[in-house]
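Enquirer: Task: produce atomic coordinates for the following.
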Amino acid sequence: MAWFLPGVLSNLFGGPATRLYPVQKREPFAGARGHIEFDSTKCNLCTLCSRRCPAAAIEVDRPGKKYTFWPFRCIVCEACIEACPRKAITLKGEWRAPAYAKPTEVYDVVVPEKPTAAKAE
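Expert: Residues are numbered from 1 along each chain as shown. Reported below is the predicted structural model:
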């Protein structure tokens, strides 16, 4: 039992072994995958991101001109970022804040209308 004594004393008089998370945030390390963010002004509702997402975290509604994102389904594999031709999806190096409920993010997309060609008379 005497060999327990150094460990007990170091735990008793030493500092905490963990961070107090909400108060002391850990800085993300280089190459950390944080979370993805959407820019609805660049999106053209091509649905490539939703087809490439292996976790089915993105759903695009073309007639309704919106897309839905479930962040807690997302596995941050970056497949949607690679598939997006307009670069409307980006990866942020920061982690999401803890949540008590699983939120759903709904984005409205304003797709500019194509100009119609004027008929020459």
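Enquirer: C-alpha only now, for contacts and for neighbours.
Expert: Fine.
Enquirer: leaving aside the residues next to it on the chain, what's closest to residue 102?
Expert: Take residue 102 and drop its neighbours on the chain: the residue closest to it by C-alpha to C-alpha, 6 or more residues apart in numbering is residue 72, 6.4 Å away.
Enquirer: Can you tell me how far residue 82 is from residue 61?
Expert: Relative to residue 61, residue 82 is positioned 20 Å away (C-alpha to C-alpha, to the nearest Å).
Enquirer: If you could redo that for residue 47, that was the one I meant.
Expert: Summarising the geometry, the distance separating residue 47 from residue 61, computed by C-alpha to C-alpha, is 9 Å.
Enquirer: Compare neighbour counts for these two and give me the winner.
Expert: Higher neighbour count among residue 47 and residue 61: residue 47, with 18 against 14, using other C-alpha atoms under 10 Å.
Enquirer: Name the nearest residue to the more buried one, ignoring sequence neighbours.
Expert: What sits nearest to residue 47 in space, not counting adjacent residues and going by C-alpha to C-alpha, 6+ apart, is residue 60, at 5.9 Å.
Enquirer: Quick check: that neighbour is in a strand.
Expert: Yes. Counting by DSSP: H, G, I helix; E, B strand; the rest coil, residue 60 is found in a strand.
Enquirer: pretty sure it contacts residue 70?
Expert: No. In this structure, residue 60 sits apart from residue 70 without contact. The criterion is C-alpha atoms under 8 Å, and the distance is 11.8 Å.
Enquirer: So for the two, which sits in the more crowded spot?
Expert: residue 60 (20 against 16).
Enquirer: which residues does that one bridge with?
Expert: Beta bridges link residue 60 to residue 67 when assigned by DSSP bridges.
Enquirer: Would you mind measuring from it to residue 103?
Expert: Taking C-alpha to C-alpha, one finds residue 60 at 17 Å from residue 103.
Enquirer: can you check residue 97 too?
Expert: For residue 97 relative to residue 103 (C-alpha to C-alpha), the value is 12 Å.
Enquirer: who's more crowded, these two?
Expert: residue 103 (11 against 6).
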